[in-house]
Every structure is written in C-alpha cells, then in structure tokens.
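**Student:** Sequence and computational prediction follow.
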Amino acid sequence: MVTRLSRLLTPTLREAPADADLPSHRLMLRAGLMRRLGEAAGLYALLPLGRAALARIEAIVREEMDRIGGQEVLLPIVQPAELWRQSGRWAVYGEEMWRLRDRHGREYCLGPTHEEAMTDLARLEVRSWRQLPLLLYQIQNKYRDERRPRFGMLRAREFVMKDAYSFHRDDEDLARCYRDVYDAYARIFARCGLDVRAVRADPGAIGGHGTHEFMALADAGEAEVVFCPRCDYAADVEEAEVAAVRADDLAGEQGRGGAPRRVATPGAHSIGEVAGALGVDAAATAKILFYIAEYADGRAAGPVAALLPGDRQLNEVKLGNRTGAVHLRPAEQGEVPVPLGSAGPVGLHDVPLFTDRRVAAGGPWVVGANDEGFHLMGVVARRDFDPGTVADLLAARAGDPCPACGAPLSCRRGIEVGQVFGLGTKYSSALKAHYLDAAGVERPMVMGCYGIGVTRTLAAVVEQHHDDNGIIWPGSVSPYDCAVVPVGAGEAAARALSAGERLTEALEARGVRAVLDDRDERPGVKFKDADLIGYPERVTLGRSLADGLVEWKGRREAEPRLVPLDEAAGRIAERVRAAGGGVGPQRGATDGR
Ligand SMILES: [Zn+2]
C-alpha cells in the first residue's frame with residue numbers, strides 16, 4: 001500500500017518553539033517527529049515519523065544484542081520498594097526516583113533502572129553454574145523525575161532505554177561478556193551513523209571493575225571529552241590524565257641555574273599582568289591557588305594550596321582526590337597567611353602544598369614572593385621550596401600529548417548514549433543471588449550491566465546529522481528512505497500523481513520505504529518539508545515527465561539529476577541499500593534489474 005503524506009500525521013512547523021535550544025529539540029519538533037504532552041515538561045509523544053526512526057534504532061540494537069547471545073525479556077516498569085530496600089538504594093536514590101503507592105499503601109517506583117529487578121529474577125531462576133552465563137536485555141521506558149527537564153529527548157523524564165544485565169561464575173567470564181557488549185555497542189552506534197568515543201571512566205569508582213561510557217561527539221553534549229585522533233584513547237576531561245613533560249621542555253627564557261631573583265611587579269597580580277611586566281611567557285610562570293578544604297573524617301576545615309603552570313587550568317576534581325576533601329571552595333583574602341595576589345611557594349608554611357608534576361619537573365619559574373608587589377624569578381622545585389605532594393592537577397586540553405601514544409589530543413563535547421559496567425557482586429551479594437559452583441559451593445553471581453539510551457541515541461543522531469534546512473538522516477535510521485514528490489498544475493499534476501503512485505509502488509517492491517507527497521501544496525512547500533524531514537532520497541515528477549524523465553536528488557546533494565522514470569526505482573534502491581536503508585531481504589524485486 002502506498003504511504004501518502006496527505007494521510008500521515010507529520011505536522012511540520014516553520015518555526016520551533018522558543019524554549020527549544022538544541023538542534024535536535026528544534027528539529028524533532030519542526031519535522032513533526034514528536035510533540036510535548038500537554039504542558040508537561042519532559043514528556044513527549046512520538047508521532048509516526050519519530051516512532052519509525054526509533055523502531056529502526058531498536059531493530060539495530062536487537063540484532064546486535066541477539067548476535068552476542070542476549071535474550072530479550074520484558075520486566076514490569078513498576079517495581080516494589082522492597083527490592084530497592086534490599087540493595088540499600090531506596091534510601092539513597094534521591095528525588096529523581098519517581099515513587100508511588102498502591103491502594104493498600106505499599107510503595108513502588110517507576111523503574112529508573114533494573115539492577116534489583118533483574119537480580120531478583122536471577123536469584124529465583126538460576127541455581128547452578130550450568131545455567132551461567134546469562135545475558136538478559138529489554139527495551140523499555142525508564143523514568144527520572146528531573147528537576148528541570150529540558151533539551152527535548154536528550155533529558156526527558158520518560159525515555160526509552162535498552163538495558164542489559166549479565167550473570168557469571170567469575171570475573172573472567174564477566175570480562176569476556178563485557179568485551180562482547182563493548183564490541184556490540186561499537187557496532188550499534190556505527191550502524192546508527194553516530195560518531196562516538198568510548199571513554200574509560202575511573203575503574204576505582206565501582207569496586208575494581210571497569211566501566212566505559214560511549215559519548216556521541218556533539219556541541220550539545222553534557223560532558224567534555226578529550227580523545228586521541230591516532231589511537232583509541234578517550235577520557236572525560238575531568239578524568240583525563242595530563243602527561244608530565246620533561247624538564248628541559250619547559251626551560252624558558254630565564255635559563256637554568258642561579259638563585260631566585262626578587263623583582264618588583266607593582267600592581268601586577270594576574271598571570272597576564274605579571275608575565276607582561278617581566279616580559280616572559282605565561283607558561284614560564286607558576287600560579288598558586290588557595291582553597292578551603294572540608295573533610296568528612298572529622299579533620300577541621302582549612303586551607304590547601306595548589307601550584308600549577310600559569311597558563312593552565314586546575315582540575316578541582318583531581319585536587320579534591322589528592323587532598324581527600326569532600327568539598328573545596330576558593331579561599332578569600334585573610335583566610336591564608338599570604339597576600340593572594342602575590343602568593344608563591346617559597347617560604348610558604350602551615351598550608352599543605354600540592355604541586356603539579358609539570359611544575360615539579362620543569363622550570364625555572366616565576367612565582368609570587370609572598371610580598372605585595374614582588375615576584376621571584378628562577379625558582380626551581382625542591383631546590384628553592386618543598387613541593388609537598390606532587391601530582392597531576394591539570395585540566396586536560398586540546399593539544400596535550402595523548403597519555404597512550406603521545407599524539408596531540410582533540411577535545412569535543414559529547415552526549416552519553418551508552419555505558420557498560422562491570423558490577424561484580426554488589427547486587428548479587430545484597431540480594432543473595434547465589435549459584436552452586438561445580439564443587440557444590442554457594443557463590444554470589446558476578447554481574448555486569450549495560451545501557452543504551454535509545455531515545456537519546458535518536459536525538460544524538462539528529463544532533464550529528466543536520467544542516468540549516470533540516471535533518472539529514474543516515475540511511476540506516478531514516479523513517480523513510482525516499483520521498484516521491486509529484487508537482488505541477490492541472491492535467492500535468494494528475495499525470496505526475498499517478499506516475500508518482502506507480503513509482504512509489506515500484507520502490508516499495510524493491511524494499512525501499514517510500515512516501516508519496518500527494519498533498520495539494522506548492523512545490524516549494526513540498527521541497528522545504530522534504531529537506532526538513534530529511535529523507536535521504538527525493539524524486540520529483542514534474543515538467544520533464546513528458547520526456548520520460550524524473551529529477552532525483554540525495555539530501556546532501558545541491559542539484560538534482562535527470563534519470564529515466566523506468567530506471568529510477570532500481571537506481572534509488574541500489575543507493576538506499578548501500579547506505580544501510582531499506583527493508584529486510586528484498587521483497588518482490590524479482591524482475592532481475
Ligand atoms: Zn593516542
């Protein structure tokens with residue numbers, strides 16, 4: 001049956017609502033993929049085109065999960081509080097958990113995730129090591145009661161996730177599954193046309209097992225990612241290691257050797273002012289930053305100092321980890337024993353000092369003299385001051401050497417679209433999900449969990465694939481592969497429409513998802529909508545139809561090309577297939593083109 005745009009619910013908009021800031025949010029509304037539900041923030045209805053694109057992503061996810069032995073299940077969205085109490089998370093999950101009661105007053109939540117529920121299933125059904133490993137997944141709505149839902153599908157309160165959970169005899173078997181899922185995720189995102197980087201997060205944070213986040217590179221991303229263009233190193237900018245450099249790399253204009261020299265720098269306080277006053281590069285200065293650290297272990301709050309190259313930013317997370325503080329705030333004048341604008345490490349006492357390893361290894365440096373209006377030149381760590389704790393304290397930035405291979409790093413923002421986690425026995429121990437090993441000994445199952453934000457992936461695809469005119473779908477995800485657009489007036493219009501119907505049928509017969517724009521609209525309106533919705537291919541039937549020709553144009557192409565009407569379906573089908581579009585094995589295309 002021919003799909004007719006006149007009957008399809010695709011309410012395109014010329015303008016996006018004012019509160020839609022991101023390209024994906026704007027374009028998904030304008031192209032008629034989704035609508036907000038009433039006045040409710042963060043709740044969206046997917047319309048036919050949005051649902052179709054999501055279904056294609058889901059199909060890719062299913063294929064790749066099934067390929068590594070995943071078994072699809074479907075657990076309730078509503079979960080009893082009891083399971084969450086057993087894991088200890090009911091009390092700590094916080095306000096993002098959507099909680100409810102039934103008529104008997106029993107407590108439940110709308111699942112934000114399913115570790116507890118899946119672990120419950122495994123403890124009831126798995127008895128023996130012979131039943132392991134087990135990899136279960138589902139594609140389902142999840143709930144997060146965001147305080148400020150915004151950015152459309154990127155941070156909705158109800159969203160679609162693929163979540164998977166694996167159960168193993170030991171860490172080794174978990175590691176094998178983790179690699180399988182990691183590889184499957186790489187294939188899934190590549191097939192969706194997404195440019196992603198797998199970021200290795202701090203393994204210490206989740207009990208010694210690994211975790212990777214898959215970040216889709218896009219300006220709308222919530223996190224900053226540094227990555228290597230030469231090898232596969234990638235890290236969150238908060239986590240990224242900044243490689244130490246050799247001492248002689250940093251030997252500046254001051255030369256080495258000799259004792260520090262005291263110089264007057266009246267009125268110069270900022271790094272720029274000091275460097276300017278002394279005629280040195282900002283990279284030859286070292287700045288000291290004071291924070292008031294608060295501790296959880298009963299130690300009194302007090303100042304700490306961080307010493308780093310003057311042209312670099314401090315990574316407060318790294319400093320926090322080194323000091324053991326739970327909270328750091330910038331110190332104010334009077335809270336430290338030296339004048340803040342002229343502070344330095346030489347002669348600094350009574351404040352714990354944390355020195356970045358570039359400062360410890362390099363120099364000599366220009367530093368504050370702890371005397372208003374004076375600085376010291378030619379200062380070297382260890383010779384002239386005690387560096388205290390030496391550590392990497394810097395925020396990574398583009399151009400830093402890759403810690404793995406040394407190539408200059410790139411830096412982009414990223415949207416987290418997937419994550420893989422080695423959980424270990426955290427949940428199986430808490431919920432007593434045990435199995436009997438080959439020797440008959442009862443052991444907790446070793447677990448992994450693996451998520452993909454499916455609606456997030458859809459929004460990320462739009463973030464990565466659009467221009468000023470609209471969406472540019474990758475062939476694998478596009479709701480339709482090809483728009484067939486009859487134009488003209490009077491009798492010519494009727495001829496174009498009936499030729500368009502036959503062409504749409506011919507495309508469908510070749511497995512191309514085609515839609516016929518049979519609306520009574522001007523050609524300009526039809527073309528604008530086709531660009532906005534972003535069909536990969538467009539065929540126009542108009543004036544040249546009298547010569548047996550149609551105009552064929554890819555979404556990324558500037559100009560259409562003329563092709564014979566009777567060749568169009570075959571040639572378009574070929575290109576759609578090559579781009580990963582189309583439906584299953586070719587249906588009906590038995591005419592041996
Ligand atoms: Zn590298």
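**Tutor:** Sure thing, it's come through.
**Student:** Can you give me the pLDDT of G334?
**Tutor:** G334 is assigned 89 on the pLDDT scale.
**Student:** Tell me if it really is in a helix.
**Tutor:** No - using DSSP: H, G, I helix; E, B strand; the rest coil, the assignment for G334 is coil, not a helix.
**Student:** what number of residues lie near it?
**Tutor:** 7 (other C-beta atoms under 10 Å). Backbone N, C-alpha and C define where each C-beta goes, glycine included.
**Student:** and H114, what is it in contact with?
**Tutor:** Counting by C-beta atoms under 8 Å, 6 or more residues apart in numbering, H114 makes contact with L75, Q79, Q138, D163, Y165.
**Student:** Nearest to G490 among those residues?
**Tutor:** Q138 (54.6 Å; C-beta to C-beta).
**Student:** The helix or strand harbouring that closest one: which residues count as buried?
**Tutor:** Secondary structure assignment for Q138, by DSSP states H and E: strand 134-143. For strand 134-143, a neighbour-count test (16 or more other C-beta atoms under 10 Å) marks L134, L135, L136, Y137, Q138, I139, Q140, K142, Y143 as buried.
**Student:** same thing with stretch 50-69?
**Tutor:** By neighbour count on 16+ other C-beta under 10 Å, the buried set for stretch 50-69 is 50, 52-54, 56-58, 60-62, 64-65, 68.
**Student:** if I look at E537, how far off is L13?
**Tutor:** Shown here: E537 relative to L13, a distance of 23 Å by C-beta to C-beta, to the nearest Å.
**Student:** The two: which is more packed in?
**Tutor:** More crowded of E537 and L13, by other C-beta under 10 Å: E537, with 28 against 12.
**Student:** Mind pulling up the pLDDT for that one?
**Tutor:** 98.
**Student:** And the closest residue to it other than its chain neighbours, how far from the ion?
**Tutor:** Closest residue to E537 apart from its sequence neighbours, by C-beta to C-beta, 6 or more residues apart in numbering: C482 at 4.1 Å. Remark: distance between C482 and the ion (C-beta to the ion, to the nearest Å) = 41 Å.
**Student:** from the buried residues of strand 134-143, which is closest to W84?
**Tutor:** Y143 (13.6 Å).
**Student:** which residues does that closest one form a beta bridge with?
**Tutor:** Note on Y143: beta-bridge partners by DSSP bridges are E158.
**Student:** what residues are up against it?
**Tutor:** I77, W98, C109, L110, G111, P112, R157, E158.
**Student:** hmm, try it at 10 Å
**Tutor:** 77-78, 96-98, 109-113, 156-159 (C-beta atoms under 10 Å, 6 or more residues apart in numbering).
**Student:** Pull the most distant pair out of those.
**Tutor:** Checking the contacts of Y143 with C-beta to C-beta, the most distant pair is V78 and A156, at 18.8 Å.
**Student:** the more surrounded of those two?
**Tutor:** Comparing V78 with A156 by neighbour count (other C-beta under 10 Å), the higher total belongs to A156, at 25 against 13.
**Student:** ok, now which ones touch the more buried one?
**Tutor:** A156 makes contact with 34, 36, 41-44, 142-144, 146, 149-150, 453, 455-456, 459, according to C-beta under 10 Å, 6+ apart.
**Student:** Now a ChimeraX select for only the buried ones of those residues.
**Tutor:** Remark: buried members of the contacts of A156, expressed as a ChimeraX selection using 16+ other C-beta under 10 Å:
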select :34,36,42,44,142,143,144,149,453,455,456,459
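**Student:** for this protein, which strand is longest?
**Tutor:** Of all the segments of type strand in the chain, defined by DSSP state E, the longest one is strand 410-424.
**Student:** What strands flank that strand, and is each parallel or antiparallel?
**Tutor:** By DSSP bridges, strand 410-424 pairs with strand 211-217 (antiparallel), strand 223-227 (antiparallel), strand 446-453 (antiparallel).
**Student:** Of all the residues in that strand, which ones are buried?
**Tutor:** So, applying 16+ other C-beta under 10 Å, buried residues of strand 410-424: 410, 412-424.
**Student:** for this protein, what are the low-confidence residue spans?
**Tutor:** 202-209, 245-257, 584-593 (pLDDT under 70).
**Student:** looking at it, which residue lies furthest from center?
**Tutor:** E491 (52.2 Å; C-alpha atoms, centre = their mean).
**Student:** Which helix or which strand is home to that residue?
**Tutor:** With DSSP H and E as the test, E491 turns up in helix 490-509.
**Student:** which strands and helices sit next to that helix?
**Tutor:** Where contact means 3 or more C-beta pairs under 10 Å, 6 or more residues apart in numbering; DSSP states H and E, helix 490-509 is packed against strand 3-4, strand 482-486, strand 514-516, strand 537-541, strand 549-554, helix 565-578.
**Student:** which residues does the one residue in the stretch 451-593 of the chain that gets nearest to the ion contact?
**Tutor:** When scored by C-beta to the ion, the stretch 451-593 of the chain has Q464 as its residue closest to the ion, at 22.8 Å. Taking C-beta under 10 Å, 6+ apart, we find Q464 in contact with 23-24, 192-196, 216-220, 415, 472, 474.
**Student:** how does the chain divide into domains?
**Tutor:** 3-240+411-462, 247-391, 480-578 (automatic domain parsing).
**Student:** which stretch among those domains comes nearest R397?
**Tutor:** Comparing those under C-beta to C-beta, the one sitting nearest is domain 3-240+411-462, at 6.3 Å.
**Student:** which residues are in contact with stretch 561-575?
**Tutor:** 475, 481-482, 484, 499, 502-512, 514, 536-539, 541, 544-545, 547-554, 581-582, 586, 589, 591, 593.
**Student:** how does it look with 8 Å?
**Tutor:** Contacts of stretch 561-575 (C-beta under 8 Å, 6+ apart): 481-482, 499, 503, 506-507, 509-512, 537, 539, 541, 544-545, 548-554, 582, 586, 589, 593.
**Student:** ok, now stretch 467-476?
**Tutor:** 27, 30-31, 53, 56, 60, 191-193, 461-462, 465-466, 479, 481, 528, 531-536, 555-556, 576, 578-582.
**Student:** Tell me where the chain has helices.
**Tutor:** 23-30, 48-67, 81-87, 89-92, 115-125, 171-191, 271-278, 316-323, 357-361, 426-430, 454-464, 490-509, 523-533, 565-578 (DSSP state H).
**Student:** How about the contacts made by the closest residue to the ion within the stretch 251-400 of the chain?
**Tutor:** The ion sits closest to D400 of the stretch 251-400 of the chain, with a gap of 10.9 Å, by C-beta to the ion. Going by C-beta under 8 Å, 6+ apart, D400 touches V226, A240, V242, A243, P408, L409.
**Student:** how far away is it from E238?
**Tutor:** 14 Å.
**Student:** D531 now?
**Tutor:** 39 Å.
**Student:** just S476 next, same as before
**Tutor:** As for S476, its distance to E238 is 33 Å (criterion: C-beta to C-beta).
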